[in-house]
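1. here is my input; please provide its structure:
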Amino acid sequence: MDKRRTIVTGAFSSIRRRQSGLTLIELLVVMTILALAATIVIMNAPPARDPMRAVATSFANDVRAAIDDAVISGAGVRFEFEPSAYYIARFQDGEWKRVAQTTNNAAQKAISEGDLLIRIEIDDPAKSNAAGLSGGTAPRQKKSEPTIVPIDPYGDMPSFTATFQRGRSVWSVRRAGNARIEVRRQ
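-> Below is the predicted model of the structure:
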């Protein structure tokens, strides 16, 4: 009888030893399931930061820097807007010279890919008064000419709203009469 107990006990102890841990295949299956779940979560997560937000923020910083440049240098500075790019120009030697394009990598990338759309609306009371006095609408700008937003040497400039659009992402930069520059999603 003692031999039987020993044989039976020995058989059970070897079975218990086998089931005390996980096999390599079980570990691989669990890791594969976790990897698939992580992939699904990452693919469905929204991007960390909207690239158009970076473009709009960069433009707002460019406006602040251009105002500072105009005041410090005592020279006129202006923004020249085209449908897919904007430039900063300074009045030097009796003419306007472009000194910079956009300074942000996200803006440069969006411009180089050609799918950035920039719209500018200037709140210019003089133009609206001219339209009212002439009995019609304000004179329209030619499509080939860039839209110009001037900054005088005292740092003053008209109120405007610049809208940056790429696909469904739309951000605007507004400079109001109180000189605040706001960046907002539309």
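2. who touches stretch 147-159?
-> With contact meaning Cβ atoms under 8 Å, 6 or more residues apart in numbering, stretch 147-159 is reached by 66-68, 70-71, 73-81, 120, 122-124, 141, 160, 174-177. Where C-beta positions appear, they are placed from N, C-alpha and C, glycine not excepted.
3. can you give me the strands in this structure?
-> 77-82, 85-92, 95-100, 117-123, 147-151, 159-166, 169-175, 181-185 (DSSP state E).
4. looking at those, which is closest to residue 24?
-> strand 169-175 (46.7 Å; Cβ to Cβ).
5. run through this protein and note the low-pLDDT ranges.
-> 1-20, 47-48, 101-114, 124-144 (pLDDT under 70).
6. remind me, longest helix of it?
-> Across the chain, the longest stretch assigned as helix under DSSP state H is helix 51-73.
7. then that helix to CSV, C-alphas only?
-> Provided in CSV are the C-alpha atoms of helix 51-73 (Å, rounded to 0.1, in the frame of the first residue of the first chain):
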residue,chain,number,x,y,z
PRO,A,51,-1.3,71.1,-37.2
MET,A,52,-3.5,74.0,-38.1
ARG,A,53,-3.4,75.2,-34.5
ALA,A,54,0.4,75.3,-34.8
VAL,A,55,0.1,77.4,-38.0
ALA,A,56,-2.3,79.8,-36.5
THR,A,57,-0.2,80.2,-33.3
SER,A,58,2.9,80.7,-35.4
PHE,A,59,1.1,83.4,-37.4
ALA,A,60,0.0,85.1,-34.1
ASN,A,61,3.6,85.1,-32.9
ASP,A,62,4.7,86.5,-36.3
VAL,A,63,2.2,89.4,-35.9
ARG,A,64,3.5,90.1,-32.4
ALA,A,65,7.2,90.0,-33.6
ALA,A,66,6.3,92.2,-36.6
ILE,A,67,4.7,94.8,-34.4
ASP,A,68,7.8,94.8,-32.1
ASP,A,69,10.0,95.1,-35.2
ALA,A,70,8.1,98.1,-36.5
VAL,A,71,8.3,99.9,-33.2
ILE,A,72,12.0,99.1,-32.6
SER,A,73,13.2,99.8,-36.1
